[in-house]
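Colleague: sequence plus the predicted model coming up.
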Amino acid sequence: MEPYTITKEASGLLIYTINRPDKRNAVNDEVMDGLNKAISLASNEDVKALVITSTGDKAFCSGGDLSVFHLLKTEEDAYPMLSKMAKIISKLLLLPKPTIALMNGSAVGGGCEIATACDFRLGRKGIKAGFVQGNLAITTGWGGGTILFEKFPSSTALKILTDGSLMDTDELSALGYLDLVFEGDPYEQCVAFLEKLLDKEVEVLAAYVAILRKKWSDSSILERIESEARNCAILWGKEIHHQKVEEFLNR
Ligand SMILES: CC[C@H](C(=O)O)C(=O)SCCNC(=O)CCNC(=O)[C@H](O)C(C)(C)COP(=O)(O)OP(=O)(O)OC[C@H]1O[C@@H](n2cnc3c(N)ncnc32)[C@H](O)[C@@H]1OP(=O)(O)O
């Protein structure tokens, strides 16, 4: 089974689908590489927006693949993986096209980091989402914390990160984290949400998005994201993190 698919729709949408439902659509190196490829393809002039979603209805993305990444023991082991995905999420954040996280299932850990980097988040009724990294004695490491502080009031972002809890769609909507809570077919709901956007010329969409991207590219956000990855790597190398991951894997 392919770990991801990339499809171009006649509507102008480019759809990146994580296809690892047996692992709750956890991110491994192949998923990272696929996302990087989709982001590059989204720059093509016939693409109006990039949608990130996944297979099944249990999980949008459960973050880093713990069955693989738990083998990374030291800061030096972990940093290359964290920095690789942080660079991809930075590229997603600054993509000169609108981006949509179509959350067909729960988003946990790095799954929330991917969703937070998108311009819009559409969540299926009944899903949950949470930045659980703190429960694993690490922080976000792919840029999600930096971006959350960029997009939300600092007290809201700090509460979400330090709580580390899974929030339901009512809580996520109250925080302004979800732009739509939907029922029914995710793709149909996504197209309906984007109906007016998809009716605009790609140059108009790109020009509006450029205003937003410039705000970030003028700041030091890329350096701040890299610093987040480095600090996460330091925590990653500590024994308490490995104990917490073992607890999950042996639950
Ligand atoms: C890498 C760092 C990155 C970062 O932010 O920097 C991170 O993402 S750190 C956070 C890593 N993610 C997690 O801690 C989430 C772990 N998963 C869960 O909490 C749950 O699985 C959940 C809530 C996503 C779904 O719960 P549900 O009850 O629906 O499913 P199960 O827990 O029974 O899991 C089913 C199946 O999937 C495997 N699985 C789930 N998540 C992961 C994962 N992140 N990596 C690898 N495998 C995962 C789980 O082991 C089960 O497999 P099975 O073989 O059936 O035991």
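Modeller: Yep, it's here.

Colleague: separation between Thr7 and Leu194?
Modeller: 15 Å (C-beta to C-beta, to the nearest Å). Quick note: C-beta positions are derived from backbone N, CA and C, even for glycine.

Colleague: got it, and Ser217?
Modeller: 24 Å.

Colleague: again with Pro80
Modeller: 36 Å.

Colleague: neighbour count winner among these two?
Modeller: A count of neighbours by other C-beta atoms under 10 Å puts Leu194 above the other of Pro80 and Leu194, at 20 against 12.

Colleague: spit out the contact partners of that one.
Modeller: Ser11, Leu13, Ala49, Ile100 (C-beta atoms under 8 Å, 6 or more residues apart in numbering).

Colleague: tell me the phi and psi of it?
Modeller: Recorded main-chain torsions at Leu194 are phi -90, psi 10, according to degrees, to the nearest 10.

Colleague: what packs against the helix or strand harbouring Ile234?
Modeller: Using DSSP states H and E, Ile234 sits within helix 221-236. Here helix 221-236 touches helix 75-93, helix 144-151, going by 3 or more C-beta pairs under 8 Å, 6 or more residues apart in numbering; DSSP states H and E.

Colleague: quick one: contacts of the shortest one?
Modeller: When you say that, I think you mean helix 144-151. With C-beta under 8 Å, 6+ apart, helix 144-151 has contacts from 89, 93, 110, 112-114, 116-117, 131, 139-140, 157-158, 160-161, 216, 221, 224-225, 228.

Colleague: just how off-centre is the helix or strand following the helix holding Ile234 within its chain?
Modeller: Downstream of helix 221-236, the next assigned helix or strand under DSSP H and E is helix 239-249. Put simply, helix 239-249 sits 23 Å off its chain's centre (C-alpha atoms, centre = their mean, to the nearest Å).

Colleague: quick one: buried residues of helix 239-249?
Modeller: For helix 239-249, burial by neighbour count (16 or more other C-beta atoms under 10 Å) applies to His241, His242, Lys244, Val245.

Colleague: ok, which stretches of the stretch 51-200 of the chain are helices?
Modeller: 66-69, 75-93, 110-117, 144-151, 154-163, 169-174, 186-193, 195-198 (DSSP state H, counting those that start in this stretch).

Colleague: what helices or strands is the helix or strand that comes right after the last one leaning on?
Modeller: From helix 195-198 onward toward the C-terminus, using DSSP H and E, the following helix or strand is helix 202-217. Based on contacts counted as 3+ C-beta pairs under 8 Å, 6+ apart, there is no element that helix 202-217 packs against.

Colleague: hey, C-alpha coordinates of helix 202-217 in CSV?
Modeller: The C-alpha trace of helix 202-217 is given here as CSV (Å, rounded to 0.1, in the frame of the first residue of the first chain):
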residue,chain,number,x,y,z
VAL,A,202,-5.1,31.7,-9.4
GLU,A,203,-3.3,35.0,-9.6
VAL,A,204,-5.8,36.6,-7.2
LEU,A,205,-5.5,33.8,-4.8
ALA,A,206,-1.7,33.9,-4.9
ALA,A,207,-1.6,37.7,-4.5
TYR,A,208,-3.8,37.5,-1.3
VAL,A,209,-1.7,34.7,0.1
ALA,A,210,1.5,36.6,-0.7
ILE,A,211,0.4,39.4,1.7
LEU,A,212,0.1,36.8,4.5
ARG,A,213,3.3,35.0,3.6
LYS,A,214,5.3,38.2,3.5
LYS,A,215,4.2,38.9,7.1
TRP,A,216,6.0,35.7,8.0
SER,A,217,8.9,35.7,5.6
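
Colleague: so which residues make contact with that helix?
Modeller: 12, 45-49, 93-98, 119, 150, 197.

Colleague: returning to what we had before: just the buried members of the contacts of helix 144-151?
Modeller: For the contacts of helix 144-151, buried by 16+ other C-beta under 10 Å: 89, 93, 110, 112-114, 116-117, 131, 139-140, 157, 160-161, 216, 221, 224-225, 228.

Colleague: returning to what we had before: got the helices and strands packed on helix 221-236 as JSON lines, with distance to the ligand columns?
Modeller: As requested, those are arranged in JSON lines below (distance: least, C-beta to the nearest ligand atom, whole Å):
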{"stretch": "helix 75-93", "distance to the ligand": "6"}
{"stretch": "helix 144-151", "distance to the ligand": "6"}
